[in-house]
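>>> how would this look folded up:
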Amino acid sequence: MDQLKEALDHNRNIMSEINKKIIKADDLISHSKLKEIANETEGFQVNCSAEDQDLPSNCLGFENGEGIRQIKVPGAKKFYVMCDSKTAGPGWTVVLRNLGNENFNRNWTSYKNGFGSMDSSFFVGLSRLHLMTQSQPHELFIAIYFKHPLHSQFTNSFDNFIVGGASQGYRLESIGNPTSSHFPFIQSQVKAKFTTFDSNNAGTKINYARGTAGWWFTAGNKQSLTQWQIGYEKTLMLIRPKMYL
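I've put the predicted structure just below:
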């Protein structure tokens with residue numbers, strides 16, 4: 001009986017050791033699998049981040065800066081813009097283009113988020129204008145093209161274009177110094193908040209945006225680049241980082 005008991009105890013010890021080894025092996029497999037999954041996840045996150053980091057923050061970052069491109073402004077999600085390197089030189093971003101085939105008499109939300117089609121008439125949106133001009137200093141190029149006389153145009157550039165944030169009513173913080181005498185009205189609109197037909201921030205009894213289009217209107221100054229006039233062929237607003245200069 002003693003021998004039998006000793007044999008049973010010995011077998012129990014062997015089985016116990018085997019179970020410990022099996023558990024240890026399972027733990028090693030689980031740990032290895034978890035580590036593999038963690039490495040895969042980490043790599044995916046790094047790759048996503050690297051992809052975003054590879055995107056330029058403006059149209060100057062593209063070798064062929066023409067057409068629709070995707071950019072990543074610091075502090076914002078990536079988004080698409082229209083790049084223009086033909087109108088006024090390389091690296092410009094089109095923020096407004098009106099060919100007369102789009103309704104610019106829009107509400108506050110539309111002007112905030114942007115509207116239209118980039119291959120035609122559109123506005124990039126106040127929120128994106130703010131993000132782009134706050135991320136680094138920008139210059140502004142504006143132009144009106146007329147049908148008659150054939151292809152005549154008025155243009156002007158300003159060297160310090162800044163649009164404030166939502167809490168400031170997307171105020172026109174600055175435009176800087178002009179390079180010509182065209183569009184002098186915009187200089188008197190600096191520090192004005194943006195106005196739409198459903199949000200009059202101009203401090204006027206009459207809402208200048210009602211029935212026309214949104215803009216940085218002020219008391220006594222209801223001119224804008226968003227209102228379409230007979231004889232117009234196209235209106236443009238472009239911005240570009242000042243580092244190019």
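
>>> and the most centrally placed residue in the chain, backbone torsions?
Residue closest to the average C-alpha location in the chain (C-alpha atoms, centre = their mean): Arg128, at 4.3 Å. Dihedral pair for Arg128: phi -70, psi -40, per degrees, to the nearest 10.

>>> gap between it and Gln134?
11 Å (C-beta to C-beta, to the nearest Å). Yep, even glycine has a C-beta here, placed from its N, CA and C like the rest.

>>> strands along the protein, start to end?
Using DSSP state E, the strands of the chain run over 67-71, 79-84, 92-98, 115-116, 122-123, 138-146, 153-158, 162-163, 172-174, 232-241.

>>> ok, which of those comes nearest Ala209?
strand 122-123 (13.3 Å; C-beta to C-beta).

>>> quick check: mean pLDDT of the closest one?
Confidence for strand 122-123, expressed as mean pLDDT, is 98.

>>> and what of stretch 127-138?
95.

>>> okay, that stretch in PDB with CA atoms only?
C-alpha atoms of stretch 127-138 as PDB (Å, rounded to 0.1, in the frame of the first residue of the first chain):
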ATOM      1  CA  SER A 127     -13.600  78.200 -40.700                       C
ATOM      2  CA  ARG A 128     -10.900  77.000 -43.100                       C
ATOM      3  CA  LEU A 129      -9.900  80.600 -44.000                       C
ATOM      4  CA  HIS A 130      -9.300  81.100 -40.300                       C
ATOM      5  CA  LEU A 131      -7.300  77.900 -39.900                       C
ATOM      6  CA  MET A 132      -5.100  78.700 -42.900                       C
ATOM      7  CA  THR A 133      -4.400  82.300 -42.100                       C
ATOM      8  CA  GLN A 134      -3.800  81.700 -38.400                       C
ATOM      9  CA  SER A 135      -1.300  78.900 -39.100                       C
ATOM     10  CA  GLN A 136       1.100  81.300 -40.800                       C
ATOM     11  CA  PRO A 137       1.200  84.800 -42.400                       C
ATOM     12  CA  HIS A 138      -0.600  84.900 -45.700                       C
END
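
>>> how is the protein partitioned into domains?
1-54, 59-244 (automatic domain parsing).

>>> any idea which of those scores lowest on pLDDT?
Here these differ in mean pLDDT, and the lowest is domain 1-54 at a mean of 45.

>>> could you pull up the residues touching Ile142?
Thr155, Asn156, Ser157, Phe158, Phe183, Ile186, Leu225, Thr235, Leu236, Met237, Leu238 (C-beta atoms under 8 Å, 6 or more residues apart in numbering).

>>> most neighbours of all those residues, which one?
Highest neighbour count within the contacts of Ile142, by other C-beta atoms under 10 Å: Leu238, with 26 neighbours.

>>> was I right about that residue contacting Ala88?
Yes: at 6.2 Å, Leu238 counts as touching Ala88 under the criterion of C-beta atoms under 8 Å.
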